[in-house]
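J.: Just to be clear, the model below is a prediction. Sequence and coordinates:
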2 protein chains.
Amino acid sequence: MDTSDRLIESTQELLWERGYVGTSPKAIQQRSGVGQGSMYHHFRGKPDLAAAALRRSAEQLRELAERQLGGPGTAFERIANYLGREREVLRGCRIGRMAQDPEVIADPELRAPVEETFEWLTGRIAGVIEEGRAAGELRPGAPAAELARALTAVVQGGYVLARAADSAEPFHQAVQGAIALLRSQLTED
Amino acid sequence: MDTSDRLIESTQELLWERGYVGTSPKAIQQRSGVGQGSMYHHFRGKPDLAAAALRRSAEQLRELAERQLGGPGTAFERIANYLGREREVLRGCRIGRMAQDPEVIADPELRAPVEETFEWLTGRIAGVIEEGRAAGELRPGAPAAELARALTAVVQGGYVLARAADSAEPFHQAVQGAIALLRSQLTED
DNA sequence: GTCTATATTCGGATAGAC
DNA sequence: GTCTATCCGAATATAGAC
């Protein structure tokens, strides 16, 4: 792995753990083992490096989600698999976390990967819901986009509840509740 | 309003806008118009002041939520009123925001009001769901605690989606989706 | 490409006068 | 109770040597 990659990877980790405002260039240098002059040779500064790190995290998150959402099974099963998949709950979402930071939200370069990730994710889930409805598996009803937003929000909010409680339990309860509500949309009910 | 109150109120605002790590004693002094010596006379330092501010925000949030959850209407209506009530969506949740900050989570004094707020809120919503079930208004099914966690998570996650999109729209979609799912739990369906 | 030196401002206080 | 002075390290770089 080359110098740029080590810098990006360390920045991804630090942004996840400490957020943008809590991540310093010095901490990135120490974690990556890359010197100061070297870091400023490869990147213009902290915002530039953070943008690269966020783009990479966004890409990884989409790949992970696609494994369940594009996997085998009925529409309900694919969404339930996505919601219930194993996660490092107490670490939170490496993308969603950025939404809290005013400096990220204020900088279009930094906000773009965050916005695009959630647009992609809710669109993807809405598409699966539409497939399920077309197949007669899921009831028609509320707009698929609204259900997809609600499901995405349960995951993001679940992280918040878990960190507040310093326990993964609230996250898992929230996800179970969401799956139960989605199950009641099955036509066989 | 006395000096302590002005300090606490300014700290509440800054914690909401910028988070714990992004809030400096100097910024608090400037916003409150209170001098440095005075601030350190009334509070031992930033953590002490932040703890006071968070306790007050937690109390205010419970009062606000109780207006809908303890208000008139059926169980469904009370929860739908709570979910759909007007909010400053793009500012986020002043309590939920703290869950992202590692220094808040690591300090029991700071985390306690955050944890207690969500425990109270999910318990209160679960209670309303139980009332609705006892009255024959809502179907039995998933544990009320799980549904309550999911609904609470939708609100918290809705804030995340809204800030990511720099638009209140995803929040409102998520809430509408959640209300639609809850509506399908009505026995009259 | 990488290193070390230097610069400026901020963060988060403590000390002591008034 | 409030004010001003002072302190020390961290944040975020820039400059120039190697």
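T.: Received, thanks.
J.: The longest helix anywhere in chain A vs DNA strand D: in contact?
T.: Longest helix in chain A, counting residues (DSSP state H): helix A:108-134. No. Helix A:108-134 does not reach DNA strand D (C-beta under 7 Å from any atom of the strand); its nearest approach is 12.5 Å. Every C-beta, even on glycine, is put in place using the N, C-alpha and C of the backbone.
J.: by contact count, what packs against that helix?
T.: helix A:46-69, helix A:75-84, helix A:102-106, helix A:144-165, helix B:144-165 (3 or more C-beta pairs under 8 Å, 6 or more residues apart in numbering or on different chains; DSSP states H and E).
J.: hmm, 10 Å instead?
T.: Secondary-structure packing of helix A:108-134 (3 or more C-beta pairs under 10 Å, 6 or more residues apart in numbering or on different chains; DSSP states H and E): helix A:46-69, helix A:75-84, helix A:102-106, helix A:144-165, helix B:144-165, helix B:169-183.
J.: how far away is A:Leu138 from chain B?
T.: Separation of A:Leu138 from chain B (C-beta to the nearest C-beta, to the nearest Å) stands at 11 Å.
J.: Tell me how far that residue lies from A:Ile179.
T.: With distances taken as C-beta to C-beta, to the nearest Å, A:Leu138 is found 13 Å from A:Ile179.
J.: shared neighbours of those two, anything?
T.: Residues touching both A:Leu138 and A:Ile179 by C-beta atoms under 10 Å, 6 or more residues apart in numbering or on different chains: A:Phe76, A:Ile79.
J.: and chain A, which of its residues are near DNA strand D?
T.: Checking chain A against DNA strand D by C-beta under 7 Å from any atom of the strand, the hits are A:Val21, A:Thr23, A:Ser24, A:Pro25, A:Lys26, A:Ala27, A:Gln36, A:Gly37, A:Tyr40, A:Gly45, A:Lys46, A:Pro47.
J.: Distance to DNA strand C and mean neighbour count for the helices and strands packed on helix A:108-134 - can I get that in a markdown table?
T.: Putting the helices and strands packed on helix A:108-134 into a markdown table (distance: least, C-beta to the nearest atom of the strand, whole Å; neighbours: other C-beta atoms under 10 Å in any protein chain shown) gives the following:
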| stretch | distance to DNA strand C | mean neighbour count |
| --- | --- | --- |
| helix A:46-69 | 13 | 18 |
| helix A:75-84 | 37 | 20 |
| helix A:102-106 | 12 | 17 |
| helix A:144-165 | 20 | 28 |
| helix B:144-165 | 22 | 28 |
| helix B:169-183 | 29 | 23 |
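J.: and those helices as JSON lines, adding mean pLDDT?
T.: Converted to JSON lines, the helices and strands packed on helix A:108-134 look like this (pLDDT from 0 to 100):
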{"stretch": "helix A:46-69", "mean pLDDT": "98"}
{"stretch": "helix A:75-84", "mean pLDDT": "98"}
{"stretch": "helix A:102-106", "mean pLDDT": "98"}
{"stretch": "helix A:144-165", "mean pLDDT": "99"}
{"stretch": "helix B:144-165", "mean pLDDT": "99"}
{"stretch": "helix B:169-183", "mean pLDDT": "98"}
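J.: Next, the angle helix B:169-183 makes with the longest helix of chain A.
T.: 30 degrees (axes from the mean of the first three to the mean of the last three C-alpha atoms, to 10 degrees).
J.: Give me the angle between helix A:108-134 and helix A:46-69.
T.: 10 degrees.
J.: What does the pLDDT read for the residue at the greatest distance from the centre of chain A?
T.: Centroid-distance maximum for chain A: A:Gly37 at 32.4 Å, with C-alpha atoms, centre = their mean. A:Gly37 carries a pLDDT value of 97.
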